[in-house]
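Peer 1: have a look at this prediction, sequence included:
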Amino acid sequence: LDWWHAERSCEQRFAQLLFEPQDSEQGSFSKLLQSHHIRGSVWLNERDGVLHKPKRRRDHIVSVLVFGDKTDTKYVKVLSDFPALPAVTACAHLQWDTRTQEIATIFSYAVPAFINEFQLRGFVDEEGFVRFALIVHGHHSPYLPVFRADGQWHHFCVTWQQENGTWAIYADGKRRASASGLCAVGPSAPQAIYGQGTFIIGQDQDSLGGTFREKESFSGNITDLHIWQKVLSAEQIEKVRSCWVVEQDLVFGWSSNALEVESTVQEVTARFLCPGPVEECRVFEVGSSGFSYASCLQSLPFICRYRKDAYWQLKKAQLEASHSLVGRVNTLAERTVIPENVFTSDVQDMNLSVALGALDVLTTVLRESETPVLESSDLLAVLQLLKQVSDVEVQEGEDLEMLEQLGQYYVEVTELILEEQNIETWSSVSQVIRGPMAVVELCDRMVSHLAPLLTTERTKITIQHGNVGLRRVMVKNMWFGYGSLQRSLSGAGSSAVFQDVAASDGEQKYLSTTVGTAVISSALLSDYQEISTSVRYRLQHRVQVPPDGNFHVFSLVFLLHVSPDTGGMWSTAGCSVVTSFLESTACFCNHTTNFAVLLQVYEMQQRTTKEELTLQTLTFIGCGVSFCALIVTFVLFMVVGVPKSERTTVHKNLIFALAAAEALLMFSELAKANQVLCFTVTACLHLFFMAAFSWMLVEGLLLWSKVVAVNMSEDRRMKFYYVTGWGLPVVIVGVTLATSFNKYVADNHCWLNIQTNVIWAFVGPVLFILAVNTFVLFRVVMVTVSSARRRSKMLTPNSSLENRIGIQIWATAKPVLVLLPVLGLTWVCGVLVHLSIIWAYVFIVLNSLQ
């Protein structure tokens, strides 16, 4: 086979094309090949997995024919005697005039029996492609697109042979169209192209050698026209394209001396840079044990090489196989769709019809399978078939409905083999196929075949099944939704990639490395060829973060896929983070490839059991002492004849709310077992703690009214205080329950869920109250200090400086010590708890004893 097909053939057998043997191995290796009767050259793989293509671009002095505007006079006649041509190839370099969309005749060959004996015509279609049609014996092929009308030089070849009337059109080294049956006449075999005719460049002959029409004339430039009495191979056409002349069976070679040029046609001599390159691949010379290069399109023997671990894994899968899936597929298809042995079976080239039939049967069997878990051999067999289908060459004029259906089946089979229950199966063949990224590579190949489905009327195609889909809109896009590849990739050892950087520090503990998003792929295409471009994208995080109340941080890495059989490689090369949030990441990459976001999940270093027990004990003791003190104080206010005032009323409400909250807090752990009871306790805790803070705010407002004159009656002030103290908490809790009922309670405690925004229904108002009370405390301290200074001057005018300073310090400290717990300002320590266990102790002591 040629190098490309040899390389694909090995890949379809889960092997690789033979690598270059080491110096010490060459002799024994050569003998081994000779013992298998292999002589000459064999193909070699490249060490780095990328085919090097030495560029050999020739520039040579050549005569170029310049046809100006379309006329009925300009022509060039070939001065050569043509023999009968049972087969023919004509090639030239062409620069098309894009100013007109009328039909143009590149060349015409006429004989007395047939004016339109052999002719090539073309025109520019509405989509900007030059379409060619071949005429033989007056029979006309369809006009088919061959290259873009971009004003650049293009190379073309047309071939035809008498047997079956087979013809083909090549452009820029690639076969653009082919068929058979051109010029077949009834039941008799087609005849050869007659000899001794007249060959005209640039005009259509309506009579032998003349009667030209302006509308059908050629405008543009042409050079290097050659004609052979045979059909050139693809390898030879590639050589001709790069200006290497194939001498065998050459009927006419380009030469200005062999042309009769009409006077208005310009003939210029130019330095022409041939398009090249000729692709050359490395070969091993069996006889001489040396290395050289040969054209990649040449047909040579090849050897497929297995890694030992992959080979034994394949053998094991083969020996343990029940072949139930393969058997059902082949029985339903009534032919061998999937061979039972991946080693001995010949890999067949498929056409569209065969590929569609094979995937139709396979999809049916996978859907109806009683045992959804695939065997190792079944998975390998399905992958081998997908590789064959992805290598199908889609010809011009194929049935587009069949092509779209093939894409649908392909995506469905991909989705079915990526189901979660097959994770263990993927692991069992990890040496043969390095993970499910192989499927991404195959889908990427497959989506390129869908190009013919895009038209001016249909600019977008989407094919999807479950979590897998293909899309092309000027570019080709592909995605594997979260849940298809992610479990398999995360389970395939991606965390091992970061063992050296995933060490825990004092406050953070490394949890895992996981694929946290969908896997997407994007590529820009021009004339069905991929071109490099930058890409910006945003991916939603789908990682499951444990809802345990601990802080988690993420480290971001992007997926760059190199080879389907190596399983992919993680890399940040060429990519940078544009914006990153807890729920999504936006990135910019200077190249197109397969992208995902790899998340490293950390959590706050958890406290030891001893620390947790100490904190719980301190909380219980502190809350118990506070509860008792609050009850005694409340009873004293009620029983002892304390004069009724605004201050005592506010104190009693604060005492009641705080006592209720702390009583619930002490016994909230007992309610965890009952979901309904835990929900009720959480709502009551939210209400009473919110009420306690609201009354702390009222305490601050009351102090403010004593410091700053407030123009409001006492009766109206108390109504305002009750609305603030009890009305505000009821509204906050009610709205929170109405909007976040299902996300209200934490998983492990009877308290608000800190993994969602629900916690802000408590933290937000508390932060506001603490800010207001801090300002009140600051103002009270200023007034107290000022008052103490005046009193000190009046009562003890002759006291020492030390005494006056002492009085002012006490005047500052006394209101701070008294008002800090009353105004709830000790809760400010809560923002420091995550920094150290010491702050946790301080927070609990201060607030449980509030």
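Peer 2: On my side now, so go ahead.
Peer 1: show me the beta-bridge partners of V88.
Peer 2: Taking DSSP bridges, one finds W160 as the beta-bridge partners of V88.
Peer 1: name all residues that make contact with it.
Peer 2: Listed by Cβ atoms under 8 Å, 6 or more residues apart in numbering, the contact set of V88 reads F118, T159, W160, Q161, I193, I227, W228, Q229, K230, V231. Quick note: C-beta positions are derived from backbone N, CA and C, even for glycine.
Peer 1: again with T211
Peer 2: Counting by Cβ under 8 Å, 6+ apart, T211 makes contact with Q205.
Peer 1: number the chain from 204, please
Peer 2: Sure, I'll start numbering at 204, so the last one becomes T414.
Peer 1: how about the backbone phi and psi for it?
Peer 2: phi 50, psi 70 (degrees, to the nearest 10).
Peer 1: state the distance from it to Q322.
Peer 2: 14 Å (Cβ to Cβ, to the nearest Å).
Peer 1: now do E523
Peer 2: Remark: distance between E523 and Q322 (Cβ to Cβ) = 63 Å.
Peer 1: and those two? which has more neighbours close in?
Peer 2: Neighbour count, other Cβ atoms under 10 Å: between E523 and Q322, Q322 has more, with 23 against 11.
Peer 1: check what pLDDT the more buried one gets.
Peer 2: On the pLDDT scale, Q322 is placed at 90.
Peer 1: secondary structure element holding it?
Peer 2: If you go by DSSP states H and E, Q322 is part of strand 321-327.
Peer 1: equivalent analysis for C953, please.
Peer 2: Using DSSP H and E, C953 falls outside every helix and strand.
Peer 1: in the contacts of V291, which residue is surrounded by the most others?
Peer 2: For those, neighbours tallied by other Cβ under 10 Å; top is F321, 26 neighbours.
Peer 1: the spatially closest residue to that residue that is not a sequence neighbour pairs with what?
Peer 2: Distances taken as Cβ to Cβ, 6 or more residues apart in numbering put Y312 closest to F321, at 4.0 Å, once the chain neighbours are dropped. Beta-bridge partners for Y312, by DSSP bridges, are F321, F402.
Peer 1: what's around Y312, how many residues?
Peer 2: Count around Y312 with other Cβ under 10 Å applied: 26.
Peer 1: helices or strands next to the strand holding Q322 in the packing?
Peer 2: Using 3 or more Cβ pairs under 8 Å, 6 or more residues apart in numbering; DSSP states H and E, the elements in contact with strand 321-327 are strand 290-299, strand 307-313, strand 332-339.
Peer 1: 6 Å - rerun?
Peer 2: Packing partners of strand 321-327 (3 or more Cβ pairs under 6 Å, 6 or more residues apart in numbering; DSSP states H and E): strand 307-313, strand 332-339.
Peer 1: among these, which is the most enclosed?
Peer 2: Mean neighbour count (mean count of other Cβ atoms under 10 Å) peaks for strand 307-313 among these, with a mean of 24.
Peer 1: got the contact list for that one?
Peer 2: Outside strand 307-313, the residues within contact range by Cβ atoms under 6 Å, 6 or more residues apart in numbering are 320-325, 400-404, 406-408, 411, 419, 421.
Peer 1: send the alpha carbons of the strand holding Q322 over as PDB?
Peer 2: Taking Å, rounded to 0.1, in the frame of the first residue of the first chain, the C-alpha atoms of strand 321-327 are listed here in PDB:
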ATOM      1  CA  PHE A 321     -12.100  15.000 -26.400                       C
ATOM      2  CA  GLN A 322     -12.700  18.300 -24.600                       C
ATOM      3  CA  LEU A 323     -12.500  20.000 -21.200                       C
ATOM      4  CA  ARG A 324     -14.800  22.800 -20.300                       C
ATOM      5  CA  GLY A 325     -15.500  24.800 -17.100                       C
ATOM      6  CA  PHE A 326     -17.200  27.700 -15.500                       C
ATOM      7  CA  VAL A 327     -17.400  29.600 -12.100                       C
END
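Peer 1: between it and strand 290-299, what angle do the directions make?
Peer 2: 30 degrees (axes from the mean of the first three to the mean of the last three Cα atoms, to 10 degrees).
Peer 1: got the contact list for strand 321-327?
Peer 2: Identification of contacts with strand 321-327 by Cβ under 6 Å, 6+ apart yields 304, 306-312, 333-339, 352, 361, 396.
Peer 1: ok now it, how far from the chain's centre?
Peer 2: Distance of strand 321-327 from the chain centroid (Cα atoms, centre = their mean, to the nearest Å) equals 43 Å.
Peer 1: cool, stretch 372-380 as well?
Peer 2: Worked out by Cα atoms, centre = their mean, stretch 372-380 lies 32 Å from the chain centre.
Peer 1: please apply the same query to stretch 874-886.
Peer 2: Distance of stretch 874-886 from the chain centroid (Cα atoms, centre = their mean) equals 44 Å.
Peer 1: ok, now stretch 920-936?
Peer 2: In terms of Cα atoms, centre = their mean, the centre of stretch 920-936 is set 53 Å apart from its chain centre.
Peer 1: export that stretch to CSV, keeping only CA atoms.
Peer 2: C-alpha atoms of stretch 920-936 as CSV (Å, rounded to 0.1, in the frame of the first residue of the first chain):
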residue,chain,number,x,y,z
ARG,A,920,-40.0,54.7,68.6
MET,A,921,-41.1,51.5,70.4
LYS,A,922,-43.4,50.6,67.4
PHE,A,923,-40.4,51.1,65.1
TYR,A,924,-38.2,49.0,67.4
TYR,A,925,-40.7,46.1,67.4
VAL,A,926,-41.0,46.2,63.6
THR,A,927,-37.2,46.1,63.3
GLY,A,928,-36.7,43.5,66.1
TRP,A,929,-39.4,40.9,65.0
GLY,A,930,-40.9,42.0,61.7
LEU,A,931,-37.6,42.2,59.8
PRO,A,932,-36.5,38.6,60.8
VAL,A,933,-39.9,37.1,59.9
VAL,A,934,-39.7,38.8,56.4
ILE,A,935,-36.1,37.6,55.8
VAL,A,936,-36.8,34.0,56.8
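Peer 1: show me what counts as buried in that stretch.
Peer 2: R920, Y924, G928, W929, L931, P932, I935, V936 (16 or more other Cβ atoms under 10 Å).
Peer 1: what is the rounded mean pLDDT of the helix ranked longest in the chain?
Peer 2: The longest helix of the chain (DSSP state H) is helix 963-998. For helix 963-998, the mean per-residue pLDDT is 82.
Peer 1: ok now that helix, how far from the chain's centre?
Peer 2: 57 Å.
Peer 1: any idea how far E1005 is from V1019?
Peer 2: Using Cβ to Cβ, one gets 21 Å for the distance from E1005 to V1019.
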